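Q: Any chance you can model this:
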Amino acid sequence: MLSAVKNAVVRVATRRVIKQYKDQRSRLDPAYDGLPPALWDCAVSPGGRLLIEGFDSTELARSHGTPLHVVSHARLVKNYQNFIGAFRRHYDRCVLATSYKTNPLPGVIAALHEAGTWAEAISGFELWLALKLGMAPERIILNGPGKGREAIDTAVANGIQSINLDNAEEINWTAAACSRHDRRQNVGIRVIVPGGWTSQFGMSISDGEAEGACARIAEHDKLRLCGLHVHLGTGIKDIATYVRALNEVVEFGRRLETRHGVTMDYYDFGGGFGVPTVHTFDSWDVRMLDMGVPARAAFPEACPSPDAYASSITSIVKSNHQRTDGPPPRIILEPGRAITSSAQTLLTSVITVKRSQHGRPLLIMDAGKHLTMPLGWEHHQIFAAGRMHDADQGLFDVYGPLCHPGDVVARAKNLPSMNSDDLLAIMDAGAYFIPNQMNFSHPRAGVVMVRDGAVTTIRRPEQFEDIVALDSWGPVGNERG
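A: Numbering: from 1, shown residues only. So this is what the prediction gives:
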């Protein structure tokens, strides 16, 4: 009885949330209502096909196959320029380091480096990739809780700009690497502040752990402490969250300068900035989906602009570091999703449509959870890429091709009438789709970049042979040397 009453109360409360959401959307600026393609700098052809930098998405799918990621070079560079431009208008000592973990496609990273970004690596692989791509060591930052001795040794050997130390053991490893390579290495401390990521990350300011690390670093003459690093989270759309946390970081930096004679060369404020067209699910969205109602979409105007972020964040550093004896600290930013998310689209074809007398029709797509992991916790716009002029005909549940009940792409999605071989375009596929993809009985997708009127393959579609390329084909013990 108690459970039934509780469920009834939850359903009533959920209906209120649904009504409030519909009321909010009804008052949206027409430019935002329905999240139209123009928000991604896309267009629609007279025949009703989604155009990406002028290229017909259905033709791209036909010529390159699906699943297929399509990267817009123009949008990628525009996102970078808009973001860093806003910060530099308020504070000219700002640099943006590309977050490799967000989208580790060499073609995407190289395009951003060409536009002017630094590199932010969090593993030995990413550091290797940055060097392989020709990034100057003085434009590389190494972060992360699990760098390991080898990555730190490589970083020191190459003289990268800075290593943001995450724990006490990394201090000793870095000092030992400096001795081996006879180098003096710039280092920062990754700090923990209220409202930011904790658990395995960084060292706390409040309990003295971070200041104690400063004293230990000072014991090593080949380590130069010159910065602080903090990362607050992901998909943050509240400027006040940044202001509260970064005030504490900068105040700590000033304390280090006063007490320990440290000169703060930089504050690395990480990333985590929200994307206007992506909404992170909360418990209400899950309840809505369970009731057969589509989850809430993003409200683009609710996401601060780069200029709004920049004005508040840079003012914290400017007001606390007004030096006369040298340049003020540099601000390093490491936004991933804010730069790459909206520049990439995943095209996926309908394998079959399953209809029954009970429940919603089902679409089985050739891209599933193995390629669309973020759709499990985020709402992304999904267009019927070849039927953009067709009116929605009802709700569909969209699944991938995996033999797994959890292979859900989207539930309760409003779409036009759909048939086999029709195409869906999953927007904002440029953040955490590529690094979270996996082989689950199916190859990984190919990637093309559209740039200056041309289409270039920047990752060929994986073949069956690629999936097993590292595996032994014979029974264990039968290999012969």
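Q: now the strands for the stretch 151-300 of the chain?
A: Using DSSP state E, counting those that start in this stretch, the strands of the stretch 151-300 of the chain run over residues 162-165, 185-192, 203-204, 223-229, 266-268, 279-280.
Q: in its sheet, what does the third one sit against?
A: Which is strand 203-204. If you go by DSSP bridges, strand 203-204 pairs up with strand 185-192 (parallel).
Q: Would you pull up how far the partner strand lies from the middle of the chain?
A: Offset of strand 185-192 from its chain centre (CA atoms, centre = their mean, to the nearest Å): 22 Å.
Q: got it, and stretch 90-105?
A: Per CA atoms, centre = their mean, the centroid offset for stretch 90-105 relative to its chain is 12 Å.
Q: Then stretch 443-452?
A: Centroid displacement of stretch 443-452 relative to its chain, using CA atoms, centre = their mean, is 18 Å.
Q: Need the residues that contact it.
A: 52-55, 60, 64-74, 105, 107-108, 111, 346, 367, 370-371, 434, 437-438, 455-464, 466-467 (CB atoms under 8 Å, 6 or more residues apart in numbering). (C-beta placed from N, C-alpha, C; glycine too.)
Q: Mind giving me the PyMOL select for the residues you listed, buried ones only?
A: Burial among the contacts of stretch 443-452 is assessed by 16 or more other CB atoms under 10 Å; the matching PyMOL selection reads:
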select buried, resi 52+53+55+60+64+66+67+68+69+70+71+72+73+105+107+108+111+346+367+370+371+434+437+455+458+459+461+462
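Q: any idea which of the strands of the stretch 151-300 of the chain is most buried?
A: Across the strands of the stretch 151-300 of the chain, the average number of neighbours (mean count of other CB atoms under 10 Å) peaks for strand 162-165, which reaches a mean of 26.
Q: Which strands or helices does it pack on?
A: On a contact count with 3 or more CB pairs under 8 Å, 6 or more residues apart in numbering; DSSP states H and E, strand 162-165 meets strand 140-142, helix 148-158, helix 168-181, strand 185-192, strand 223-229, strand 266-268.
Q: can the ones you listed go into CSV with extra columns for distance to residue 276?
A: Shown next, in CSV, are the helices and strands packed on strand 162-165 (distance: least, CB to CB, whole Å):
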stretch, distance to residue 276
strand 140-142, 27
helix 148-158, 34
helix 168-181, 36
strand 185-192, 28
strand 223-229, 26
strand 266-268, 24
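Q: want to throw those into CSV with distance to residue 86 and mean pLDDT?
A: As requested, the helices and strands packed on strand 162-165 are exported to CSV (distance: least, CB to CB, whole Å; pLDDT from 0 to 100):
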stretch, distance to residue 86, mean pLDDT
strand 140-142, 21, 98
helix 148-158, 30, 97
helix 168-181, 33, 96
strand 185-192, 24, 95
strand 223-229, 21, 96
strand 266-268, 17, 96
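Q: Could you say which one of these comes nearest to residue 18?
A: Nearest to residue 18 among those is strand 185-192 (37.6 Å), distances taken as CB to CB.
Q: Contacts for that closest one next, please.
A: Applying CB under 8 Å, 6+ apart, the set of residues contacting strand 185-192 is 143, 155-156, 159, 161-166, 171, 174, 177-178, 198, 201-206, 210, 213-214, 217, 222-231, 249, 252, 265-266, 268.
Q: same thing with stretch 11-23?
A: 284, 287-288, 291, 293, 296.
Q: same thing but at 10 Å, please
A: 282-288, 290-291, 293-297, 299 (CB atoms under 10 Å, 6 or more residues apart in numbering).
Q: Show the low-confidence segments of the stretch 201-350 of the chain, by residue range.
A: Along the stretch 201-350 of the chain, segments meeting pLDDT under 70 span 323-324.
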